[in-house]
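Q: Sequence first, then the predicted structure:
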Amino acid sequence: IAREGVDLVHARSRAPAWSAYWAAKAMDVPFVTTYHGAYSGKTKLKKRYNSVMAQGDIVIANSNWIAEHVKTEHGVPFERVVTIPRGVDLEAFDPTNVPVARVKAIREALGLADDPRKILLLPGRLTEWKGQLIAIEALAMLASDERDKLVLVLAGDAQGRNTYVTRLEHAVVAHGLDRGVIMSEHITDMPAAYLASDIVLAPSVRPEAFGRVAAEASAMARPVIVADHGGGRETVIEGETGARVEPGNAQALAGAIRALLSVGPLARDGMGRAGQAHVRQHFSKQGLQAATLGVYKTLLE
């Protein structure tokens, strides 16, 4: 801080936040934190470890849900918490900026180049709380003629969770969904992946602090089904930009999938465009940058 002439310190992760906090206090410079997750931890030691993210002169929460969590969990006064939602890069996530060739490449990589079925895309690392098992169960609950018109794509890396991958594979076989589910590795070209899909799913069992998938998919004008908790309540408007369903409820998810399919392509397109407008108004990267600089300016003045 002294050598580089630092005027303000902004911490975004717990481990470096502790050293940054003490250094900022020692040098008498403003300290800002971004609280971007409902950190796990029930022991006193873990709660103490997490608490540094609530020690900022201003604490930035990446959703209203996280803002309430910070106030409740750590007793941070209202005036020290500022909600600045995570921003979407609206240039990268713009349907008009994605060539058809990129979308075609995604479909070919998934083995769906000429497949007429509707694509349900669930992107996210393969971990139980992201809801892949719930999505498989929901697909199995649909009637056979409905399932025949759908394919569920689980796109994400296992990151060493081989036991969970095995559970997913067994669930697919047990429900007779060998043709109905594709497990793909992480997709790097997510804008094209969203465009290649018809409906995007984010049925997380635990609350998402913000829910990047829902915001990005909406920016690409795709209807989204999210679990009705956490940041998903702020990124998806029920009945307008998609649907919100009871967390962990496969039957509710199946019902939402059926409802979005039954309204037809024109209505789904309308939902997608409504979601796009919602994200552009409330969740842009430019908005995040401007609001963050506003926090800096307030503290430095």
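A: Thanks, I have it. Numbering: from 1, shown residues only.
Q: Quick check: next helix or strand after the helix or strand bottoming out on mean pLDDT in the chain?
A: With mean pLDDT, DSSP states H and E as the measure, the helix or strand of the chain carrying the lowest mean pLDDT is helix 44-51 (a mean of 90). Using DSSP states H and E, the helix or strand that follows helix 44-51 in sequence is strand 58-61.
Q: I would like the residues contacting that next one, please.
A: Outside strand 58-61, the residues within contact range by Cβ atoms under 8 Å, 6 or more residues apart in numbering are 30, 32-35, 53, 67, 69-70, 76, 80-84, 292, 295, 298-299. Just so you know, the C-beta spots here come from the backbone N, C-alpha and C atoms, and that holds for glycine as well.
Q: just the helices in the stretch 1-150 of the chain please.
A: For the stretch 1-150 of the chain, the helices identified by DSSP state H, counting those that start in this stretch occupy 14-27, 44-51, 64-74, 100-109, 132-141, 144-147, in order along the chain.
Q: Could you identify which of the ones you listed is most buried?
A: Comparing the helices of the stretch 1-150 of the chain by mean neighbour count (mean count of other Cβ atoms under 10 Å), helix 132-141 comes out on top with a mean of 22.
Q: which helices and strands sit right next to that helix?
A: With contacts defined as 3 or more Cβ pairs under 8 Å, 6 or more residues apart in numbering; DSSP states H and E, the secondary structure elements packing on helix 132-141 are strand 118-123, strand 150-155, helix 162-174, helix 250-262.
Q: what's the offset of the helix or strand just after the last one from the middle of its chain?
A: Read that as helix 250-262. Secondary structure here is assigned by DSSP H and E; on that basis, the next helix or strand after helix 250-262 toward the C-terminus is helix 265-282. In terms of Cα atoms, centre = their mean, to the nearest Å, the centre of helix 265-282 is found 17 Å from the chain centre.
Q: cool, stretch 154-161 as well?
A: Centroid separation between stretch 154-161 and its chain, computed with Cα atoms, centre = their mean, is 16 Å.
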